[in-house]
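Chemist: Task: produce atomic coordinates for the following.
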Amino acid sequence: MERFEEFQEFRQASNKNRTQKVTHAADDDTSSTTPEETLEQAYQQLRDEVANELLHLIKGNTPEFFEKLVVHLIVSMGYGGSVKEAGRATRKTADEGIDGVIKEDRLGLETIYLQAKRWEAAVGRPEIQKFVGALHGQRAKKGVFITTSRFSKEALDYVGQIDPKVVLIDGADLVQLMIDHGVGVNSAALYEVKKVDTDFFIED
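Modeler: Numbers count the residues shown, from 1 in each chain. Next up, the predicted model:
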């Protein structure tokens with residue numbers, strides 16, 4: 001049948017129809033995503049890229065820089081007013097297991113003690129226990145332990161059973177907080193999404 005011209009034309013037409021169906025199906029998949037969803041996906045991708053770059057830069061800097069960064073971040077989150085007034089990185093020679101001290105409020109009624117570990121390996125329970133011991137030495141009730149890596153399950157379970165109150169912030173949470181509170185980042189562009197106000201077009 002290959003030698004008949006009519007059959008060749010029929011087969012070519014069938015192949016063309018199949019190609020068009022596949023193309024239309026792909027178009028339908030694309031059209032199922034709204035412009036708002038596409039924008040949200042692009043935003044999340046950009047945010048993830050910024051987060052990865054932040055973590056890379058932090059790990060490439062000194063432990064002393066990281067300690068100052070932690071104090072700056074906590075102040076930027078609303079604790080104690082300003083870095084100059086409320087936060088200070090303790091001296092390395094006499095930190096006694098404490099890397100930063102910050103006021104919980106502007107009046108200084110409560111103090112939060114910080115520990116900052118620029119690590120690659122997971123932070124385990126023994127390190128948290130040392131921090132808790134340092135808190136007891138300061139008669140402190142609250143502490144924040146921040147690392148560039150992550151916490152082991154044992155460390156996470158341990159902080160749920162102790163007093164004083166200790167909050168653990170790993171590398172992933174750290175960079176997200178930095179982005180949310182404008183630490184180490186700036187705005188490259190702002191996009192305002194508009195939608196039609198249907199109430200405007202309703203006549204009284």
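Chemist: State the helix or strand in which Val144 lies.
Modeler: Per DSSP states H and E: Val144 is located in strand 142-147.
Chemist: Kindly report the same for Gln176.
Modeler: helix 171-180.
Chemist: ok, for Leu73, nearest residue in space, not its chain neighbours?
Modeler: Nearest non-adjacent residue to Leu73, counting by Cβ to Cβ, 6 or more residues apart in numbering: Val183, 5.0 Å away. (C-beta placed from N, C-alpha, C; glycine too.)
Chemist: Same check on Gln138?
Modeler: Tyr113 (6.1 Å).
Chemist: picking that back up, was I right to think the residue nearest to Leu73 contacts Ser76?
Modeler: Yes - when contacts are counted by Cβ atoms under 8 Å, Val183 is listed as touching Ser76 (5.2 Å).
Chemist: which intervals of the protein have sub-threshold pLDDT?
Modeler: 1-31, 81-96 (pLDDT under 70).
Chemist: ranges for the strands of it?
Modeler: 87-89, 100-103, 111-117, 142-147, 165-169 (DSSP state E).
Chemist: Now those in a markdown table, please, with extra columns for mean neighbour count.
Modeler: As requested, the strands of the chain are exported to a markdown table (neighbours: other Cβ atoms under 10 Å):
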| stretch | mean neighbour count |
| --- | --- |
| strand 87-89 | 20 |
| strand 100-103 | 21 |
| strand 111-117 | 23 |
| strand 142-147 | 22 |
| strand 165-169 | 17 |
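Chemist: Same list (the ones you listed) but as a markdown table, adding distance to Val159.
Modeler: Shown next, in a markdown table, are these (distance: least, Cβ to Cβ, whole Å):
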| stretch | distance to Val159 |
| --- | --- |
| strand 87-89 | 22 |
| strand 100-103 | 18 |
| strand 111-117 | 12 |
| strand 142-147 | 8 |
| strand 165-169 | 5 |
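Chemist: Find the residue closest to the residue nearest the centre of the chain in space, skipping its chain neighbours.
Modeler: Note on the chain: the residue nearest the mean C-alpha position is Gln176, at 2.0 Å, using Cα atoms, centre = their mean. Nearest non-adjacent residue to Gln176, counting by Cβ to Cβ, 6+ apart: Ala51, 6.3 Å away.
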